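Engineer: Make a model of this:
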Amino acid sequence: MKLTEVLVKPILTEKANAQQEKLRRYAFRVNKKANKLEIKKAIEQFYGVTVTNVNTTIAAGKNKTRYTKAGFIEGKKAAYKKAFVTVAEGETIDLYANI
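Structural biologist: Okay, here's the model as predicted:
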């Protein structure tokens, strides 16, 4: 897998921001087929930091229902993979620079 296909986008939530400040841990949405070694290489290449730890989890898809004129429409959101990346002491990733 190419390194440009590994990272989908950073996760910018209150919980993720708190972990960035306290634990130097950053959350990313990644390709479902990516493994920890590919994620580590991609982060180090794109952000220029040293990665010390990578944890991954797969978030299950949620059932969604909405009511329309035609009746109830039921569906399911897609599952996705998250990676929690811990960087070395004294290093940071500026996720808000490209916004």
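Engineer: neighbours around Thr92, how many?
Structural biologist: Burial measure for Thr92: 12 neighbouring residues, criterion other Cβ atoms under 10 Å. All C-beta spots, glycine's among them, are computed from the backbone N, C-alpha and C.
Engineer: Confirm it sits in a helix?
Structural biologist: No - looking at Thr92 with DSSP: H, G, I helix; E, B strand; the rest coil, it is coil, so not inside a helix.
Engineer: distance of it from Phe46?
Structural biologist: Here Thr92 is placed at a distance of 14 Å from Phe46 (Cβ to Cβ, to the nearest Å).
Engineer: element containing Asn55, please.
Structural biologist: strand 51-59 (DSSP states H and E).
Engineer: Give the pairing partners of the helix or strand just after that strand; include direction for each.
Structural biologist: Sequence-wise, the next helix or strand downstream of strand 51-59 (DSSP H and E) is strand 63-68. Using DSSP bridges, the strands paired with strand 63-68 in its sheet are strand 71-76 (antiparallel).
Engineer: Now the partner strand: buried residues?
Structural biologist: By neighbour count with 16 or more other Cβ atoms under 10 Å, strand 71-76 contains no buried residues.
Engineer: Give me the mean pLDDT for the next helix or strand after it.
Structural biologist: Next helix or strand after strand 71-76 toward the C-terminus (DSSP H and E): strand 80-87. The predicted model assigns strand 80-87 a mean pLDDT of 97.
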